[in-house]
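Asker: Got a sequence here, can you build the structure:
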Amino acid sequence: MDFNGKKVLVFGSGISGVAAGQLLLSQGAQVILYDGNASLDGAMLRAELLEGAEGRFSLSEDKNELAGRVRVILGAFPEEELDSLALVVVSPGVPLDLPVVKQMYRMQIPVWGEIELAYVYGQGDVLAITGTNGKTTTTALLGEIMKNYRESVYVVGNIGNPYACVASETKPESVIVAEMSSFQLESIHTFCPVVSAVLNITPDHLNRHHTMEAYIEAKKNILRSQTAEHTCVLNYEDQVTRGFGENTQARVLYFSSRRKLERGIYLEGGRIIYRDQEPVLICRTDELQLLGIHNYENVMAAAAMAAAYGVPMEIIQKTVKKFKGVEHRIEFVAETGGVAYYNDSKATNPDAAIRGVQAMNRPTLLIGGGYDKNSDYEDWIRAFGGKVKKLVLLGATAEKIASTAHRLGFEDTILVDTFEEAVKTCMRFALPGDAVLLSPACASWGMFKNYEERGDKFKELVRQFGSH
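Answerer: Okay, the predicted model is just below:
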């Protein structure tokens, strides 16, 4: 697609927006970087865009000419700009039901996501993963498997590295392993993974999608362009994802943690087995460095995707046994005074937090609460199953969660005002042999920039207080 000399609006000035703007500059486009936050520093954003484009794409043209192709608009969007736009690239954080975006659709201006833009300009085979939970672990593991198989491998998407940052570097022999959120999948058109996976579907982001049906449809988009030449890996034990397998042209490969499959990958007696024709042992679960059934499912999904792509089984087997997991997902932090501390800050919804609790093998003091995404916390509380000793709550959802817990018969809740107080409270009540788990079931917004910052702060506080 040729956007040389054409005006393109990049909506959103986060890392995805800036990466998209830089890629468009390299293709000769006139770029308008727009953000509705009028308090941002427009000059700094413009400099970031230009410096990144010059540094990454070695643009040989005159710097003044390049600078002349960049504008930054902040605050209310001037609608008169719409008439001259050839394309709009929306960042994942931009809701598609905003009035100005709806106007773009009415005017039939193409609206792409950053993922779509990168896919159009990139080369190589894409292996893409989505689902409510487990995406990052599965993506990171599959990335490691592919790096042990191919030289040119890029791990991109919701995992923190925009696809647009690397699209121009990719080659026909490249493999792109992409973690895809529902926000990113809303705005794809031609994006088509050679192998896709949908790990699970549980309620999440309903403040953005409004209905569960809309959320499911966004996830389902990952399969939309796949044909019989492609493979889709699906969770047989999730009713929604199993249904996806009945409505796709792609070759379907199921994984299951509960039953033996005639074809696919499954957990049986502490062994993960891949079966196409003859069963092949991938590994025993006690050989893995990951805790919990949900992580065994992540291993199955990554192994199935790699096998479907043609990776030799011995590479898959060696890699899954060495893989240590990802930061902020049931991450062991330290053991102090006989108390083990785990950072599960990436559990930003109740279903992910359920998996965190289920992975604990000790009496647990649990830190929860944060930003309200309109989630329901009943299943999370019910999953405590006598394992959680105390629930320490903070943030906007603290009272809502405490009320739910009391209604369900769990009374041992403590409400605190600060994150530091939450950690100190757990340390005060924890006994040798206990665990302290940060698994909030909520997003971090309002207290932290993101879940990574929250997890880093937890680790810092554990090490600080534990050394006294």
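
Asker: any idea which element Cys447 lies in?
Answerer: You called it Cys, but residue 447 is Met. Met447 is part of no helix or strand, with elements assigned from DSSP states H and E.

Asker: Name the nearest residue to it, ignoring sequence neighbours.
Answerer: Spatially, and ignoring its direct neighbours in sequence, Met447 is nearest to Gly395 (5.9 Å; Cβ to Cβ, 6 or more residues apart in numbering). Placement of C-beta: from N, CA and C, glycine included.

Asker: ok, how many other residues are close to the one you found?
Answerer: 26 (other Cβ atoms under 10 Å).

Asker: How about the one 5 residues further on?
Answerer: Taking other Cβ under 10 Å as the criterion, the count of residues near Lys400 is 17.

Asker: For the helix or strand that contains Arg71, name the packing helices and strands.
Answerer: Counting by DSSP H and E, the element that carries Arg71 is strand 70-74. Contacts defined by 3 or more Cβ pairs under 8 Å, 6 or more residues apart in numbering; DSSP states H and E place strand 70-74 against strand 30-35, helix 42-57.

Asker: What is the helix or strand following the last one packed up against?
Answerer: For helix 42-57, the succeeding helix or strand toward the C-terminus, using DSSP H and E, is helix 63-67. In this structure, helix 63-67 packs against helix 42-57, with contacts taken as 3+ Cβ pairs under 8 Å, 6+ apart.

Asker: Can you say which of the helices and strands packed on strand 70-74 is nearest to Arg382?
Answerer: Distance to Arg382, taken as Cβ to Cβ, is lowest for strand 30-35 among these, at 41.3 Å.

Asker: orientation of the closest one relative to strand 70-74 in degrees?
Answerer: Using axes from the mean of the first three to the mean of the last three Cα atoms, to 10 degrees, the inter-axis angle of strand 30-35 relative to strand 70-74 is 20 degrees.

Asker: For the closest residue to Gln358 other than its chain neighbours, what are phi and psi?
Answerer: Across the structure, with Cβ to Cβ, 6+ apart as the measure, the residue nearest Gln358 apart from its sequence neighbours is Gly292 (5.9 Å). The phi/psi pair for Gly292 (degrees, to the nearest 10) reads phi 90, psi 150.

Asker: partners of Gly368 in the sheet?
Answerer: Judged by DSSP bridges, the bridge partners of Gly368 are Leu393.

Asker: for it, what are its contacts?
Answerer: 353, 380, 391-393, 397, 401, 439-442 (Cβ atoms under 8 Å, 6 or more residues apart in numbering).

Asker: if we can go back for a sec, who touches the strand holding Arg71?
Answerer: So strand 70-74 is in contact with 13, 21, 25, 30-40, 42-43, 45-46, 49-50, 81, going by Cβ under 8 Å, 6+ apart.

Asker: same thing with stretch 347-360?
Answerer: Residues outside stretch 347-360 that contact it (Cβ under 8 Å, 6+ apart) are 132-133, 200, 202-204, 291-295, 329-330, 342, 344, 346, 364, 366, 368, 370, 373, 375-377, 379-380, 383-385, 387-388, 435, 437, 439-444, 451.

Asker: And stretch 376-388, by the same measure?
Answerer: Residues lying outside stretch 376-388 but in contact with it, judged by Cβ under 8 Å, 6+ apart, are 203, 350-351, 353-354, 357-358, 360, 363-366, 368, 391, 397, 400-401, 404-405, 408, 410, 412, 441.

Asker: rerun at 6 Å
Answerer: Residues from elsewhere that reach stretch 376-388, judged by Cβ atoms under 6 Å, 6 or more residues apart in numbering: 350, 353-354, 357, 364, 366, 401, 404-405, 408, 410, 441.

Asker: Likewise for stretch 418-437?
Answerer: Contacts for stretch 418-437 (Cβ under 6 Å, 6+ apart): 338-342, 360, 362-367, 390, 392, 394, 414, 416, 461, 465.

Asker: For that stretch, list every residue counted as buried.
Answerer: 419-420, 422-423, 425-427, 429-430, 434-437 (16 or more other Cβ atoms under 10 Å).

Asker: next one: stretch 13-33
Answerer: Under the neighbour-count criterion of 16+ other Cβ under 10 Å, stretch 13-33 has 13, 15-27, 29-33 buried.

Asker: What's the end-to-end length of that stretch?
Answerer: This stretch, stretch 13-33, spans 7 Å end to end (Cα to Cα, to the nearest Å).

Asker: Now name the helix or strand holding Gln358.
Answerer: For Gln358, the secondary-structure element it belongs to, assigned by DSSP H and E, is helix 350-359.

Asker: Outline the domain layout of the chain.
Answerer: As given by automatic domain parsing, the domain ranges for the chain are 7-109, 115-322, 331-466.

Asker: Can I get those in TSV including mean pLDDT and distance to Met1?
Answerer: Converted to TSV, those look like this (pLDDT from 0 to 100; distance: least, Cβ to Cβ, whole Å):
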stretch	mean pLDDT	distance to Met1
domain 7-109	90	8
domain 115-322	93	6
domain 331-466	94	32
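
Asker: rewinding a little: cross the buried residues of stretch 13-33 against helices and list the overlap.
Answerer: Among those, the subset assigned to helices under DSSP state H consists of 15-26.

Asker: out of those, who's nearest Lys63?
Answerer: Proximity of these to Lys63 was ranked by Cβ to Cβ; the top entry is Leu25 with 11.9 Å.

Asker: how about the nearest residue to Asp351 once chain neighbours are set aside, secondary structure?
Answerer: Across the structure, with Cβ to Cβ, 6+ apart as the measure, the residue nearest Asp351 apart from its sequence neighbours is Thr202 (3.9 Å). Taking DSSP: H, G, I helix; E, B strand; the rest coil as the rule, one finds Thr202 in the coil state.
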